[in-house]
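Asker: Give me the fold of what follows.
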Amino acid sequence: MCMRKIIISALIVATFSAGVQAQRQLSLQETIALARMQSVDAAVALNELKTAYWEYRTHLADMLPEVSFTGKLPSYNKSYSSYQLDDGSYTFVPNNYLGLSGEFSVDQNIWLTGGKLSLTSSLDYLKQLSTGGSHQFMSVPVGLTLTQPIFNVNNMKWKRKIEPARYAEAKASYIESTEKVTMKAITYFFDLLLAKENLNIARQNLTNADRLYEVAGAKREMGQISENEVLQLKLAALKAKASVTEMQSNLNAKMFQLRSFLGLSEQENVEPDVPAAVPLLQVDYQTVLSKAHENNSFAQNIRRRQLESDYDVASAKGSLRSIDLFASVGFTGEDKNLNSTYRNLMNNQIVEVGVKVPILDWGKRRGKVKVAESNREVVASKIKQEQMDFNQDIFLLVEQFNNQAMQLNIATEADTIAQQRYKTSIETFMMGKINTLDLNDAQTNKDDAKQKHISELYKYWYYFYQIRSLTLYDFQKNTTLDAEFDEIVKK
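Answerer: Numbers count the residues shown, from 1 in each chain. Here you go, the predicted structure:
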């Protein structure tokens, strides 16, 4: 019986504990830090950086020697092959042998010419399993092979230009993405802060409306106000009550949105703190524009796209004719004994020049060159327009940011005045010196001023981080935004 009571008590405690939400105070900077560490958007940005990093590492590996081994261990063949006799007729002869082969090779791409140089060493063994059972070794102790396209496009040389630009673009994009995560966190933070203030406003308005309705009832009994004014105040109290319910639902939705973005538990009740101060800055358009062109991924994107369009033109021109050189020099030996295959070596030389020149293709290859050149012109035109739009967006952003400090100061002062006016209006209404219309106007202005203050505060911080995301520069600390990319990709 005692154990049963303990179990029931534990269940009751667990039930009440599950329904209790932990309070968590969050400042704007703490919200930003959590977003950069835990949000899904931050994880996506990190994975995109890792992909770009390993693609670049693969490119660098293409420039280094590659050591490989190729072998057949073993190869068994028991079959029949056709064989032509001296009189022209065919017969089938049996094959029954065991073969072993292995080759070590060191391959090096030559980025300067686009060719490939290979150093090889191989050994082959063949044993007849039919009557006689003879066997043979053949060795190539050393062989040097060069494969070189003559007029084709040098892919390796173009990759040495394009891939670094692509990786630089990816690194800049990662920092930009981090700043965009910050901007998103700011939006959700101020959405919750505004929802919280709206709920506070609604609750305050409900308290005041109930109080004023009670006072109005007493005044009506004394004949100091009309029945119409009493009904207006009753209606205002009902609207205030409905507004509290609506604002509570909106607060719950905004809190769920921020918690989900930050990866917080649903049991945490987030309390956003109003930022106490903002960094008072004035930025210069030319400075911002210069930093943006220097650091933003857009600059690297332009460089990469220009290189890729030039590469497409070079590839199209290279396809007009094709000449490939293949040269192989080395030594070879064969014998029934393994040791003897490495003695009395013989020269092993192969030189081939393959040519493919179209005689009549009805202008197909020339057409591909023209298409590639036209696409390059299209890319150049798009880039020019994008640069103009980019510069214009920066100009407008700088103007908005520099004006926002004044807008924020005005909104702060207006909020203070509106709050004082509403307080005075309530006191004046109590004394019967103003009517309900004036009181409602003071309340509306008070609510609008509070919302305007939070809105202008949000805009200031949003513009601040938007400039950071475009320039990858912290104008508050006068430092370039950077990251330890090699450490980041290892996480």
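Asker: quick one: contacts of stretch 66-85?
Answerer: With contacts defined as CB atoms under 8 Å, 6 or more residues apart in numbering, stretch 66-85 is touched by 90-108, 129. Every C-beta, even on glycine, is put in place using the N, C-alpha and C of the backbone.
Asker: What segments of the stretch 301-450 of the chain are strands?
Answerer: 322-335, 346-356 (DSSP state E, counting those that start in this stretch).
Asker: ok so, going back, which ChimeraX command selects the buried ones in the contacts of stretch 66-85?
Answerer: The ChimeraX command for the buried members of those (criterion: 16 or more other CB atoms under 10 Å) is given here:
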select :97,101,103,105
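Asker: So which of the contacts of stretch 66-85 are in strands?
Answerer: Using DSSP state E, the subset of those located in strands is 90-108.
Asker: Touching, Thr394 and Tyr285? I think so.
Answerer: One correction, residue 394 is Ile, not Thr. Yes. At 7.2 Å, Ile394 and Tyr285 qualify as touching, with contact defined as CB atoms under 8 Å.
Asker: Looking at these two, which one has more neighbours?
Answerer: Between Ile394 and Tyr285, counted using other CB atoms under 10 Å, the more crowded position is Ile394 (21 against 15).
Asker: Count the neighbours of Glu266 for me.
Answerer: Glu266 has 10 nearby residues by other CB under 10 Å.
Asker: ok, it to Gln25 distance?
Answerer: 18 Å (CB to CB, to the nearest Å).
Asker: and the helix or strand containing Pro74, which residues are buried?
Answerer: If you go by DSSP states H and E, Pro74 is part of strand 66-84. Of the residues in strand 66-84, none is buried by neighbour count under the rule 16+ other CB under 10 Å.
Asker: Walk me through which strands it pairs with, and which way each runs.
Answerer: strand 90-110 (antiparallel) (DSSP bridges).
Asker: In PDB, could you pull the C-alpha coordinates for the strand it pairs with?
Answerer: Provided in PDB are the C-alpha atoms of strand 90-110 (Å, rounded to 0.1, in the frame of the first residue of the first chain):
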ATOM      1  CA  TYR A  90      38.900 -21.400 -89.900                       C
ATOM      2  CA  THR A  91      39.100 -23.800 -87.000                       C
ATOM      3  CA  PHE A  92      38.700 -23.500 -83.300                       C
ATOM      4  CA  VAL A  93      41.700 -23.900 -81.000                       C
ATOM      5  CA  PRO A  94      41.500 -24.500 -77.200                       C
ATOM      6  CA  ASN A  95      42.900 -22.000 -74.700                       C
ATOM      7  CA  ASN A  96      43.800 -23.200 -71.300                       C
ATOM      8  CA  TYR A  97      46.100 -20.900 -69.300                       C
ATOM      9  CA  LEU A  98      46.700 -19.000 -66.100                       C
ATOM     10  CA  GLY A  99      47.800 -15.400 -66.100                       C
ATOM     11  CA  LEU A 100      49.100 -13.000 -63.500                       C
ATOM     12  CA  SER A 101      49.900  -9.300 -64.100                       C
ATOM     13  CA  GLY A 102      50.600  -6.300 -62.000                       C
ATOM     14  CA  GLU A 103      51.600  -2.700 -62.800                       C
ATOM     15  CA  PHE A 104      52.700   0.200 -60.600                       C
ATOM     16  CA  SER A 105      52.300   3.600 -62.000                       C
ATOM     17  CA  VAL A 106      53.000   7.200 -61.000                       C
ATOM     18  CA  ASP A 107      50.900   9.700 -62.900                       C
ATOM     19  CA  GLN A 108      51.400  13.400 -63.000                       C
ATOM     20  CA  ASN A 109      49.100  15.900 -64.700                       C
ATOM     21  CA  ILE A 110      51.100  18.700 -66.400                       C
END
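Asker: pLDDT of that strand, averaged?
Answerer: Model confidence over strand 90-110, given as mean pLDDT, is 90.
Asker: tell me the phi and psi of Asp284?
Answerer: Backbone torsions of Asp284, given as degrees, to the nearest 10, read phi -100, psi 140.
Asker: Run through the neighbouring helices and strands of whichever helix or strand Glu48 is part of.
Answerer: Glu48 is part of helix 40-62 when elements are defined by DSSP H and E. In terms of contacts (3 or more CB pairs under 8 Å, 6 or more residues apart in numbering; DSSP states H and E), helix 40-62 is packed against helix 28-38, helix 155-221, helix 485-488.
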